[in-house]
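Visitor: got a structure for you, letters missing:
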């Protein structure tokens, strides 16, 4: 393809008009809304579906959706997940679910945010969601237990009430 | 009072104010460039007043990062001063000093105010004022050349070479562009230039001075190694330019000298074209208040021009080396000569008051 390069007109060859219009443009930028945030104080709003750290969720009845099938523990490439299953007691409301995690720990140092756990979960109980800045002062701090993961995950109303019908 | 003491006070005052403005113009540059790029820029460090028991500090101006120059200077001082093994030590040390000293020395001949308590607000009112200023200002290139050469490494060397070629080329245009002014004023003394402008209009108000003014501004951008003519320190091409091998305070000297040069260039611009300390409706002579007002007017003008320097830097892209040389020799040199001619005609025709 042949690109025609027009010779500059005298007005363009003076350069000064172009420089002045450029300076006007940069001057207008001085007063525009800034796109950066004062990070630790202001945090960006993450879009829905953002793949942050793995969290556990409860259903709308407040039940921990995880049934301790340990598939995520099995599939996790860096073996960051450790689950200790527990049977529901005899008189529990959710006896029919049979199992629930007694302990559910994710080592956030090991986690590689791959999302396999979310993909493999048959109960839609673990998600990679909002929190993205995972910090801690010790290795122990970085092992997130069940309570912390549930707190981060919150409640996720699910249209499919799988256990109600059983 | 002892005249030597008065001179000492003036010298200390000028150097102090100059370095202070230098420090804060660096902050202004960072802040303004951030704003132009829609960023926030430095906005954390205020001037600390008191440290609370929990380690947090009460500080003022944190939003505007007023403490930034202080910690920048502290950082530069406490950083490791690394001297590479392959450098020529003596010239390596001499470089930053040589680039800083002329930038400060030039202020000896710049009138920064009228009179204060009967003392003229200029350190040395020499009758070859502008020649002294240009002679000292062009010494600054030695620092850059020496720094580039003594680093004994190819990119700084190229930066130094570029610096010297550029400064020599534009020195010529700079010198030629101010000749018309002295044809009108009739004296090389800078106080005389300002006095002429207080009696008539500012020199920039006369149409035949517009061309020299533009050439002067562009040449002083080149002379101070500022964008769009910052080829000696073109990061993308030269890995930093003449100061690549420098670290710590020696680098900070180069850095500060750039800003000192910038302020000096804008001060000269103010003196030559924008009426120095003169402002319409402010009395030309009077008591202490008027003297102080004149100094403030001068400083305000200098700072405003320095901000224009910054503004231009973050607007205009860097020119190519052959464009730089072409502009200097093929455009500015003939135009500056034409400026001399036009002003000559204006004086002969009797348009210029003198």
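Guide: Cool, got the structure. Everything numeric in this text was worked out from a predicted model, so none of it was measured.

Visitor: chain A against chain B: which residues are in contact?
Guide: Selection of chain A residues close to chain B by C-beta under 8 Å from any C-beta of the partner chain yields A:16, A:19, A:22-23, A:25-27, A:29-36, A:38. Any C-beta I mention is one placed from the backbone N, CA and C, and that applies to glycine too.

Visitor: which ones are touching the most centrally placed residue in chain A?
Guide: A centroid search over chain A (C-alpha atoms, centre = their mean) returns residue A:52, at 2.1 Å, as the residue closest to the centre. Under the criterion of C-beta atoms under 8 Å, 6 or more residues apart in numbering or on different chains, the contact list for residue A:52 reads A:46, A:113, A:128, A:129, A:130, A:131, A:132.

Visitor: how about it, nearest residue that isn't a chain neighbour?
Guide: The shortest distance from residue A:52 to any residue other than its chain neighbours is 4.2 Å, reached at residue A:132 (C-beta to C-beta, 6 or more residues apart in numbering or on different chains).

Visitor: burial count for residue B:171?
Guide: Residues near residue B:171, counting by other C-beta atoms under 10 Å in any protein chain shown, number 18.

Visitor: what ranges does the stretch 1-150 of chain B have for its strands?
Guide: Secondary structure of the stretch 1-150 of chain B (DSSP state E, counting those that start in this stretch): strands located at B:47-51, B:57-60, B:115-116, B:119-120.

Visitor: in chain A, which strand is the longest?
Guide: Identified as the longest strand of chain A according to DSSP state E is strand A:99-107.

Visitor: check which element follows that one along the chain.
Guide: Reading on from strand A:99-107 to the C-terminus, the next helix or strand found by DSSP states H and E is helix A:116-120.

Visitor: just to revisit the earlier point, tabulate the strands of the stretch 1-150 of chain B (TSV), appending mean pLDDT.
Guide: Rendered in TSV, the data for the strands of the stretch 1-150 of chain B read as follows (pLDDT from 0 to 100):
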stretch	mean pLDDT
strand B:47-51	81
strand B:57-60	80
strand B:115-116	76
strand B:119-120	76
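
Visitor: okay, these in CSV with distance to residue B:95 next?
Guide: CSV is the format used below for the strands of the stretch 1-150 of chain B (distance: least, C-beta to C-beta, whole Å):
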stretch, distance to residue B:95
strand B:47-51, 32
strand B:57-60, 36
strand B:115-116, 37
strand B:119-120, 35
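
Visitor: of the ones you listed, which is nearest residue B:312?
Guide: Comparing those against residue B:312 with C-beta to C-beta, the closest turns out to be strand B:47-51 (29.6 Å).

Visitor: among the contacts of residue A:52, which two are most distant?
Guide: Spatial extent of those (C-beta to C-beta) is set by the pair A:46 and A:113 at 13.5 Å.

Visitor: contacting residues for residue B:222?
Guide: If a contact means C-beta under 8 Å, 6+ apart, then residue B:222 has B:166, B:167, B:169, B:170, B:229, B:324, B:328 as its contacts.

Visitor: same question for residue B:24.
Guide: With contacts taken as C-beta under 8 Å, 6+ apart, residue B:24 has the following neighbours: residue B:69.

Visitor: let me know the pLDDT of residue B:247.
Guide: At residue B:247, the model reports a pLDDT of 80.

Visitor: which ones among the residues of chain A next to chain B lie within helices?
Guide: A:16, A:19, A:22, A:23, A:25, A:26, A:27, A:29, A:30 (DSSP state H).

Visitor: make a PyMOL selection of whichever of these turn out to be buried.
Guide: Command for PyMOL that selects the buried part of these, burial taken from 16 or more other C-beta atoms under 10 Å in any protein chain shown:
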select buried, chain A and resi 23+26
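
Visitor: what does stretch B:41-50 rub up against?
Guide: A:38, B:27, B:30-35, B:57-68, B:70-71.

Visitor: ditto for stretch A:37-49
Guide: A:52, A:130, A:132, A:133, B:40, B:43.

Visitor: what residues sit buried inside it?
Guide: Using 16+ other C-beta under 10 Å as the burial criterion, none of the residues of stretch A:37-49 qualify.

Visitor: now stretch B:14-34
Guide: When burial is assessed from 16+ other C-beta under 10 Å, stretch B:14-34 yields the following buried residues: B:14, B:18-19, B:21-34.

Visitor: and it, average pLDDT?
Guide: Average pLDDT, stretch B:14-34: 89.

Visitor: do stretch B:306-317 and chain A meet at all?
Guide: Yes. Legend: contact between stretch B:306-317 and chain A by C-beta under 8 Å from any C-beta is shown at B:311, B:312, B:314, B:315, B:316.

Visitor: tell me which of those residues is nearest to residue B:125?
Guide: Distance to residue B:125, by C-beta to C-beta, is smallest for residue B:312 among those, at 31.7 Å.

Visitor: what pairs with the longest strand of chain A, parallel or antiparallel?
Guide: For strand A:99-107, the paired strands and their directions (DSSP bridges) read strand A:81-87 (antiparallel), strand A:143-144 (antiparallel).

Visitor: return the helix or strand in the chain with minimum mean pLDDT.
Guide: Since no chain was named, I'll use chain A. Among the helices and strands of chain A, helix A:10-13 carries the lowest confidence by mean pLDDT, DSSP states H and E, at a mean of 80.

Visitor: actually it's chain B I care about, not the one you picked
Guide: The element with the least model confidence among the helices and strands of chain B, by mean pLDDT, DSSP H and E, is helix B:235-238, at a mean of 72.

Visitor: if we can go back for a sec, dump the strands paired with strand A:99-107 to CSV, plus mean pLDDT and mean neighbour count.
Guide: Listed next are the strands paired with strand A:99-107 as CSV, based on pLDDT from 0 to 100; neighbours: other C-beta atoms under 10 Å in any protein chain shown:
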stretch, mean pLDDT, mean neighbour count
strand A:81-87, 89, 16
strand A:143-144, 88, 21
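
Visitor: can you list the ones you listed in CSV and add distance to residue B:297?
Guide: Supplementary listing: these in CSV, determined by distance: least, C-beta to C-beta, whole Å:
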stretch, distance to residue B:297
strand A:81-87, 71
strand A:143-144, 63
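
Visitor: these: which one's closest to residue B:254?
Guide: With C-beta to C-beta, the closest approach to residue B:254 among these belongs to strand A:143-144: 49.3 Å.

Visitor: among the contacts of residue A:52, which one has the lowest pLDDT?
Guide: Sorting those by pLDDT puts residue A:130 at the bottom of the list (72).

Visitor: give me the neighbour count for that one.
Guide: The number of residues packed around residue A:130, counting by other C-beta under 10 Å, is 17.
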